[in-house]
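> Quick one: sequence and predicted model below, then my questions.
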Amino acid sequence: KACFVLWLERETKHVIWSVTAIKYNQPSNTAVSSIMDLTGILCSPGEAPSLSVVKVLSQIQDLFQVESCPQTKEAILQSTQHLLETGDCHWLFSDCCANQDTNIRALYLDFTSTLIHYAALPLCDTDSGELPPGSYAGIPEKMCLVNRVFLSLLRRLEADKGFVPCDRAAAPVRALAHKVTPLLFVFALTHSQDWPWTSSQSKQEAAELLNCMIRAAGCTSATELLCGQDGGTDVGILGPVLEILKPDLKKERWKRNEATKHVFSWTLTQVGRPWLVEFLDCVFPPSLLISDDYRTENKVLGVHCLRHIIHTVPAADLRQYNRAQVLYHALFNHLYTPEPQLIQVVLPCLLDVLSVLEKPPENRTAPRKSNRYDVVLRLVLTQMEMEHKIPLRRVYARNLPLFIARLGVVTVRHLKRLERVIVGYLEVYDGPDEEARLCVLDALEKTIQQAWTRMGSRLSVLLQALLRLLCDVCADPGPTAPAVQEELLRRATHCLTLLDHCCQGRVTVLLKEVDGSCAHSRVVECIERVRRDAPPDCK
């Protein structure tokens, strides 16, 4: 035993001397050989060594940091992986015996941070927040090398989570696993999606690391890992993860690392009620910051985060400190950006935040005064009326029925402008799918149902628009699919039927004047269907 300890100390001193030699640009092969020999002895069966794991890993870390040769770094990582796989559990993870008076958790945190830094993304100093794809060359390979060390560490922690140190005052292995998991979680998410800095292998390795973390924590999903078990005593890692991301989510730094916003967004959307409200002050400002960027893709990402917050946080907490008011103004300003992908996410999100700020429009207990619902719909209708780009027209038409359904009878305040929009959109062909026309017919149907008492004065204009649509679809279908054509005819006919019912059969009377010999046979069929469905006293 005495000879073993003397040899161990001599080998450790050899490593220290080799690290010093590297600092003065001397060859490092001897140092790597010493570490490999040292880890081999430490991992050999027999009595546990008296040298602390803190001292060993610290020297390996120093050597790894000062080394510049990629092959040497790879050899160091492989030796470290071997050490973690075959080393004695008591020596590796307990803070008693050989590791007495040492901070094991701080050591592994520092060691993990060093390896993560090796595979970290290069920082971007431009305002765009993006680097050319060539800047990320070598990142996937580095990630895979480092990830294998992390997998070995997590597997040992999972296998030995029931280990009890000989000193009852020592911290259990489970506490160490909980300490390093947040760093590894951020690292795994950075490389888990299809980005310029990932490859198929690195994504697979990241997914394996994430699954290993979930298993090691005794959880069944990433949400449970973040939030903890419902009704259990285990605390999730959401707080530590947000603390890790917090410095990189500030206004001056959030664009320097391209992966930060994606890690934050993915983490946020995994957290539901009631856990997110506790961290609202941590997630609300970064979401607003990302949505306020000049780049459309960042705006869309930020709005997705804000909508998840609206759905997950109770309305009372959103109204506190005027958070909902700030949300409303931020989203309302996005309506002036004519980008289809942005408008598509902003309009539903605005409806969600309006339900927090305003009472339901159908509420009859109080006078229906004009409010923010009317302001938003007025602006949307104005932009719809002037818009000539087909993609934007589709987006507006897709969301118009949602506003009409939400406002209910209050839609009568906007009937004049709404009529012009509906007629204008029914006249324009928007592609084989006819999405805009179909959505506007849906909006017209909801308008008739909600504001049926006001349809009499607008019957002539709407009737002409619907008959013109029937003739256009039947006379020149173009590349429109037969199923889409049938749906257009069905919805237009249903709108005529609704108009006929709310106008006491006046549509049926006016349709009798249509000359069947001059109309398309399909148009005549639609007219006959309206007559059959007319009120009994009007047939």
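Noted; the coordinates are in hand.
> For Ala177, what is the enclosing helix or strand?
For Ala177, the enclosing helix or strand under DSSP states H and E is helix 173-190.
> Show me what that helix is packed against.
Here helix 173-190 touches helix 89-93, helix 104-118, helix 139-159, helix 200-216, helix 238-245, helix 260-269, going by 3 or more CB pairs under 8 Å, 6 or more residues apart in numbering; DSSP states H and E. The C-beta positions use only the backbone N, C-alpha and C, and glycine is treated the same way.
> Any regions of this structure where pLDDT drops low?
For the chain, the stretches flagged by pLDDT under 70 are 1-51, 95-102, 161-172, 230-233, 363-367, 515-518, 535-539.
> Among the helices and strands packed on helix 173-190, which comes closest to Asp472?
Ranking the helices and strands packed on helix 173-190 by proximity to Asp472 (CB to CB) places helix 260-269 first, at 43.1 Å.
> What angle do helix 173-190 and the closest one make with each other?
Angle, helix 260-269 to helix 173-190, by axes from the mean of the first three to the mean of the last three CA atoms, to 10 degrees: 120 degrees.
> State the phi and psi torsions of Glu338.
To be clear, residue 338 is Pro; Glu isn't right here. phi -80, psi 60 (degrees, to the nearest 10).
> So for it, what's the nearest residue that isn't a sequence neighbour?
Leu392 (6.1 Å; CB to CB, 6 or more residues apart in numbering).
> from memory the one you found sits against Pro340, does it?
Yes: Leu392 lies in contact with Pro340 (CB atoms under 8 Å); the separation is 5.3 Å.
> intersection of neighbour lists for these two?
Residues touching both Leu392 and Pro340 do not exist when contact is defined as CB atoms under 8 Å, 6 or more residues apart in numbering.
> how many neighbours does Ser457 have?
Ser457 has 10 neighbours, counted by other CB atoms under 10 Å.
> coming back round to it: which residues sit in contact with the residue nearest to Pro338?
Shown in contact with Leu392 (CB under 8 Å, 6+ apart): Pro338, Pro340, Ile343.
> which of those residues lies closest to Cys474?
Checking the contacts of Leu392 against Cys474 with CB to CB, the nearest one is Pro340 at 30.0 Å.
> what's the distance between Ile390 and Ala436?
Separation of Ile390 from Ala436 (CB to CB, to the nearest Å) stands at 7 Å.
> So between these two, which is more surrounded?
Using other CB under 10 Å as the criterion, Ile390 and Ala436 rank with Ala436 on top: 25 against 15.
> rewinding a little: quick check: buried residues in the helix holding Ala177?
Within helix 173-190, the residues that count as buried by 16 or more other CB atoms under 10 Å are 173-174, 176-190.
> related to what we said a few turns ago, can you work out which residues contact both of Ile390 and Ala436?
Each of Asp430 lies in contact with both Ile390 and Ala436 under the rule CB under 8 Å, 6+ apart.
> What segments of this protein are strands?
Ranges of strands in the chain, per DSSP state E: none exist.
> how many other residues sit next to the closest residue in space to Asn147 that isn't next to it in sequence?
Leaving aside its sequence neighbours, Asn147 sits nearest to Glu205 (CB to CB, 6+ apart; 4.5 Å). Neighbourhood size, Glu205 [other CB under 10 Å]: 24.
> Next: Cys89.
A count of nearby residues for Cys89, using other CB under 10 Å, gives 15.
> Distance of it relative to Leu154?
Using CB to CB, we find Cys89 at a distance of 14 Å from Leu154.
> again with Tyr396
Distance of Tyr396 to Leu154, given as CB to CB: 49 Å.
> With respect to Asp127, which of the contacts of Leu392 is nearest?
Asp127 lies nearest to Pro338 out of the contacts of Leu392, by CB to CB, at 22.1 Å.
> in terms of contact, does the closest one touch Met386 like I think?
No: using CB under 8 Å, Pro338 is not in contact with Met386, being 10.3 Å away.
> quick one: which of those two has more around it?
Remark: of Pro338 and Met386, Pro338 carries more neighbours, 12 against 8, as counted by other CB under 10 Å.
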